[in-house]
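Asker: quick one, structure for this:
(one chain, ligands or ions: 2)
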Amino acid sequence: MSAQHPPSAGHTVAETAPLALEVRDLLTRFVTKRVALTAVDGISIAVRRGRIMALVGESGSGKSVTGLSIMGLIDPPGQIAGGEVRVGGQRFDVTDDRQMRRLRGNRLAMIFQDPMMTLNPVLRISRQMTEAITTHHPEVTRAEARARAHSALALVGIPSPRERLDNFPHQLSGGMRQRVAIATALLNNPEVIIADEPTTALDVTIQSQILYEVERVCETHGTAFVWITHDLSVVANLAHDVTVMYAGRIVETGPVRDVLENPLHPYTRGLIDSVPDIDIRKGKLIPIAGMTPQLADLPQGCKFAPRCPLRVPECAAEPPLVTRADGRAVRCVRPLDTEPPR
Ligand SMILES: Nc1ncnc2c1ncn2[C@@H]1O[C@H](COP(=O)(O)OP(=O)(O)OP(=O)(O)O)[C@@H](O)[C@H]1O
Ligand SMILES: [Mg+2]
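Answerer: Ligands and ions are numbered 1, 2, ... in the order given. All right, here's what the predicted structure looks like:
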């Protein structure tokens with residue numbers, strides 16, 4: 001299950017690079033006649049150039065809605081009720097469709113779990129890739145656009161890219177299709193790419209190769225990634241930083257190594273203990289007790305408290321996300337490195 005290339009250089013990479021993506025206090029709701037569900041409740045994320053931020057959490061924690069909100073891709077009954085998105089320091093209104101259309105596929109791109117969300121089944125690869133360029137940059141000639149498509153395919157490790165350009169998507173394997181979708185996302189050299197579980201459906205070897213290519217893209221082009229995954233081995237091998245979500249909120253964020261080796265939130269600890277492949281020597285799997293909460297029926301106070309083995313009476317009030325001096329942040333009244341009360 002794990003990616004089989006050496007771990008990234010961790011948080012030594014580009015720690016002071018300029019911010020490529022800043023998301024502040026993002027708030028996304030699904031509003032029907034009967035209820036208003038808050039799927040993303042005040043998420044803030046910052047990713048520097050050339051860094052990969054993993055976004056993890058159980059199913060339903062709001063990872064995809066966060067990614068789609070940043071892209072301005074929320075359709076009714078969903079609505080983005082608040083928040084700010086900056087790309088390369090420039091502020092964008094995610095509810096302004098015209099603004100977001102200019103940004104999407106250009107300075108900000110997305111890769112989905114299903115590459116067919118990106119690819120058009122009835123068009124040759126060359127046509128869709130060149131159009132992805134000329135839509136945003138009409139001054140680019142077709143020959144130039146085709147040359148760029150060719151290099152993008154080569155960059156993500158597609159063999160015989162010239163021949164592949166003339167194929168239709170159905171002529172390619174699933175892994176190759178996902179590579180084409182990634183190459184398409186790269187065409188306009190975006191500052192930020194949001195990737196929503198793009199390798200989950202692929203076999204381990206292909207996944208590992210793709211992660212390796214992505215890491216290279218990130219290093220050579222300075223692209224910033226938000227990498228949504230539920231696979232902690234991908235987090236450990238690919239990302240520099242990680243943000244852990246629970247019930248639409250951030251419960252912990254920090255450099256990958258720190259968070260995985262020394263989690264501060266009991267939920268993060270639970271996620272780590274419930275996967276088999278982080279450290280084989282560790283032995284027993286311990287699933288997190290209880291069920292993920294329903295958005296329509298969230299507990300008062302800390303949303304994780306009902307499942308938390310360490311809950312105390314103070315958990316009846318929801319703690320804020322507190323950023324510490326070391327740059328890590330945690331939303332817990334008693335983070336795991338706190339001295340136990342005597
Ligand atoms: N169109 C919608 N209408 C109503 N609720 C929605 C809609 N889309 C998502 N939600 C709700 O928003 C919450 C977050 O969903 P989201 O898809 O972001 O979860 P996720 O973390 O990506 O989960 P997974 O790991 O399963 O992909 C869920 O409770 C989901 O039911
Ligand atoms: Mg999802």
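Asker: mind jotting down where the helices sit in the protein?
Answerer: Remark: helices assigned in the chain by DSSP state H are 63-70, 97-103, 125-134, 142-155, 161-165, 174-186, 204-221, 232-238, 256-261, 266-273.
Asker: my guess is Pro293 contacts Ala247, does it?
Answerer: Yes. With contact defined as C-beta atoms under 8 Å, Pro293 counts as touching Ala247 (5.4 Å). For glycine as for every other residue, the C-beta is placed from the backbone atoms N, C-alpha and C.
Asker: of those two, which one has the most company?
Answerer: When Pro293 and Ala247 are compared on other C-beta atoms under 10 Å, the one with more neighbours turns out to be Ala247, at 23 against 19.
Asker: the residue nearest to the more buried one when sequence neighbours are not counted: what's it in contact with?
Answerer: Sequence neighbours aside, Lys303 is the residue nearest to Ala247 in space, at 4.1 Å (criterion: C-beta to C-beta, 6 or more residues apart in numbering). Listed by C-beta atoms under 8 Å, 6 or more residues apart in numbering, the contact partners of Lys303 are 246-247, 249, 293, 318.
Asker: hmm, back to that, for the helices of the chain, which one sits closest to ligand 1?
Answerer: helix 63-70 (3.2 Å; C-beta to the nearest ligand atom).
Asker: how about that closest one and ligand 1, any contact?
Answerer: Yes. Interface with ligand 1: helix 63-70 contributes 63-65 (C-beta under 6 Å from any ligand atom).
Asker: show me what that helix is packed up against.
Answerer: Here helix 63-70 touches strand 19-31, strand 36-48, strand 52-56, strand 78-87, strand 192-196, strand 224-228, going by 3 or more C-beta pairs under 8 Å, 6 or more residues apart in numbering; DSSP states H and E.
Asker: let's see the pLDDT reported for the residue nearest to Met71 when sequence neighbours are not counted.
Answerer: Spatial nearest neighbour of Met71, excluding adjacent residues (C-beta to C-beta, 6+ apart): Met110 at 5.3 Å. Met110 is assigned 97 on the pLDDT scale.
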